[in-house]
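Visitor: sequence first, then the predicted structure:
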Amino acid sequence: MSNVDIKDLFEAGVHFGHKTSRWHPKMAPYIHSKRQDSHIINLEETVKALDTALPFLTSVAGTGKQILFVGTKKQAKEIVKAAAEKVEMPFVTERWIGGMLTNVATVNAQIKKLKDLERRMESGELEKRYNKLEVQRFQEEIDALNVKYGGIKDLNGHPGAMIVIDSIVDDNAIKEAATLNIPVVAVVDSNADPSKVAYAIPGNDDSLKGIELLLSYFADAVQAGKVSASKAEKVPAKEAK
């Protein structure tokens, strides 16, 4: 069992769904009631879902595999990036570029170009060979590439799992994950289809406090897996002494 507190979920507004006119019928099992013209999500179901999803994330991280954090909606970008960086995992917080996971050759070529330009810029090679205007243009290219690929430039192959904050906004990411059989843990609001992901977390995907709370649960679960993996790596070395 996780340390998820239903009171914390309530206080963060995770129970607030969308207007009843916008609901998805497959969310019926997760709806508690209606308040005025909006659905109220059953937080007991949210806790159950987290109690299943969090150990899964810990197990994936425990194998040493990376977990990709995805959140491209404007209000979630910074906190998704912060959560991913906290546990040193890759992330996508700008527009999901088609083929980001499925078109490996093209994406890897762009990442290789980015890393090469960064290396040449940091070493001073570009400054020695080009004038100030040309160096500025190289920097602009680096910045543009970082916007697109900076969060995944240290992604090694396909991630072991994906965390998505809004299953509608980042539906393309979910589709690519499905193509590659990458399990997805996603926050699913009352207007979304929970059957599209392996681990649907019923909850408000618009509340900043709610998103931040759920991300803290996800990040803690990932960190727990990383710690166990680190301990496992050290065991053979001790036994060998």
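Guide: Looks like it came in fine.
Visitor: so, low pLDDT: which residues of the protein?
Guide: Applying pLDDT under 70 to the chain flags the ranges 1-2, 235-241.
Visitor: from residue 223, how far out is the residue nearest the centre of it?
Guide: Closest residue to the average C-alpha location of the chain: residue 69 at 1.5 Å, with Cα atoms, centre = their mean. Residue 69 sits 13 Å away from residue 223, going by Cβ to Cβ, to the nearest Å. Any C-beta I mention is one placed from the backbone N, CA and C, and that applies to glycine too.
Visitor: isn't there a helix covering the residue nearest to the centre of the chain?
Guide: No: under DSSP: H, G, I helix; E, B strand; the rest coil, residue 69 falls outside any helix and is assigned strand.
Visitor: which stretches of the protein form helices?
Guide: Here the chain has its helices, by DSSP state H, at 6-11, 43-62, 77-86, 104-123, 125-129, 132-149, 171-179, 208-240.
Visitor: in the fifth one, what counts as buried?
Guide: This points to helix 125-129. Of all the residues in helix 125-129, those buried under the rule 16 or more other Cβ atoms under 10 Å are residue 126.
Visitor: what is that helix packed up against?
Guide: helix 104-123, helix 132-149 (3 or more Cβ pairs under 8 Å, 6 or more residues apart in numbering; DSSP states H and E).
Visitor: for the fourth one, same thing?
Guide: Based on contacts counted as 3+ Cβ pairs under 8 Å, 6+ apart, the elements that helix 104-123 packs against are helix 125-129, helix 132-149.
Visitor: could you do the longest one as well?
Guide: The helices and strands touching helix 208-240, judged by 3+ Cβ pairs under 8 Å, 6+ apart, are helix 6-11, helix 43-62, strand 67-70, helix 77-86, strand 184-188.
Visitor: out of the ones you listed, which is closest to residue 123?
Guide: Nearest to residue 123 among these is helix 77-86 (24.9 Å), distances taken as Cβ to Cβ.
Visitor: got the angle for that closest one vs helix 208-240?
Guide: 10 degrees (axes from the mean of the first three to the mean of the last three Cα atoms, to 10 degrees).
Visitor: roughly how far apart are residue 228 and residue 158?
Guide: 22 Å.
Visitor: can you check residue 123 too?
Guide: Taking Cβ to Cβ, one finds residue 123 at 31 Å from residue 158.
Visitor: who has more neighbours out of these two?
Guide: Taking neighbours as other Cβ atoms under 10 Å, residue 123 and residue 158 compare with residue 158 leading, 17 against 10.
Visitor: the residue lying closest to the more buried one once chain neighbours are set aside: how many residues sit nearby?
Guide: Closest residue to residue 158 apart from its sequence neighbours, by Cβ to Cβ, 6 or more residues apart in numbering: residue 180 at 5.7 Å. The number of residues packed near residue 180 is 12, by other Cβ under 10 Å.
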